[in-house]
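# Sequence first, then the predicted structure:
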Amino acid sequence: MRVLSILILMLMPPLASAELVIDDAWIQNLPPSVPVRAGYLTIANPDSGPVTIVGLQGDAFARIEIHRSVMENGTMRMEPLPRLEIPAGETMSFEPGGLHLMMHPRQPTRPGERYRIVIEFEDGTRRDLDMTVRK
């Protein structure tokens with residue numbers, strides 16, 4: 001039985017999220033009259049293969065989407081990304097004016113509050129992420 005268990009573990013695919021290094025995850029606070037918040041973080045993938053994020057969710061948010069800012073004909077606009085691949089050995093920064101999380105809170109946020117977000121990966125794995133609200 002022990003040998004069978006070891007063989008099964010060896011044949012299982014590795015968890016996509018296990019190797020990711022996520023730093024500086026925070027949510028930009030805005031006045032209560034603004035219906036969305038922006039989320040920022042840095043994700044490094046030191047693994048030997050790409051990892052793809054296919055969704056995000058959190059109990060305190062009606063929706064969380066990955067967006068990128070795009071300059072088009074002199075106008076900056078946001079473009080939703082239904083999935084985001086993080087190549088092996090790469091680091092992606094979510095920052096103002098670039099990639100970011102577009103977060104739709106169910107209630108206004110306040111600086112210092114912490115929220116749990118779940119990142120969903122293409123292989124079906126999930127990873128919890130705590131994000132803190134900053135001014």
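Looks like it came in fine. Numbering: from 1, shown residues only.
# Please count neighbours and contacts with C-alpha atoms only from this point.
Fine.
# Give me the nearest residue to residue 80, chain neighbours excluded.
Distances taken as C-alpha to C-alpha, 6 or more residues apart in numbering place residue 67 nearest to residue 80, at 4.3 Å, with adjacent residues excluded.
# Next: residue 19.
Closest residue in space to residue 19, ignoring its immediate chain neighbours: residue 47 at 6.0 Å, by C-alpha to C-alpha, 6+ apart.
# surely that neighbour meets residue 90?
No: counting by C-alpha atoms under 8 Å, residue 47 does not reach residue 90; the two are 9.1 Å apart.
# more crowded one of those two?
A direct count of neighbours by other C-alpha atoms under 10 Å for residue 47 and residue 90 places residue 47 higher, at 16 against 12.
# Could you check how far residue 39 is from residue 98?
11 Å (C-alpha to C-alpha, to the nearest Å).
# more neighbours, those two?
Taking neighbours as other C-alpha under 10 Å, residue 39 and residue 98 compare with residue 39 leading, 24 against 14.
# Check which helices and strands the host helix or strand of that one is in contact with.
Residue 39 belongs to strand 37-44 when assigned by DSSP states H and E. In terms of contacts (3 or more C-alpha pairs under 8 Å, 6 or more residues apart in numbering; DSSP states H and E), strand 37-44 is packed against strand 21-28, strand 91-94, strand 99-105.
# Following the chain onward from it, which element is next?
Assigned by DSSP H and E, the successor of strand 37-44 is strand 51-57.
# Can you pull out the residues in contact with that next one?
For strand 51-57, the surrounding residues in contact (C-alpha atoms under 8 Å, 6 or more residues apart in numbering) are 16-17, 45, 63-65, 82-88, 117-122.
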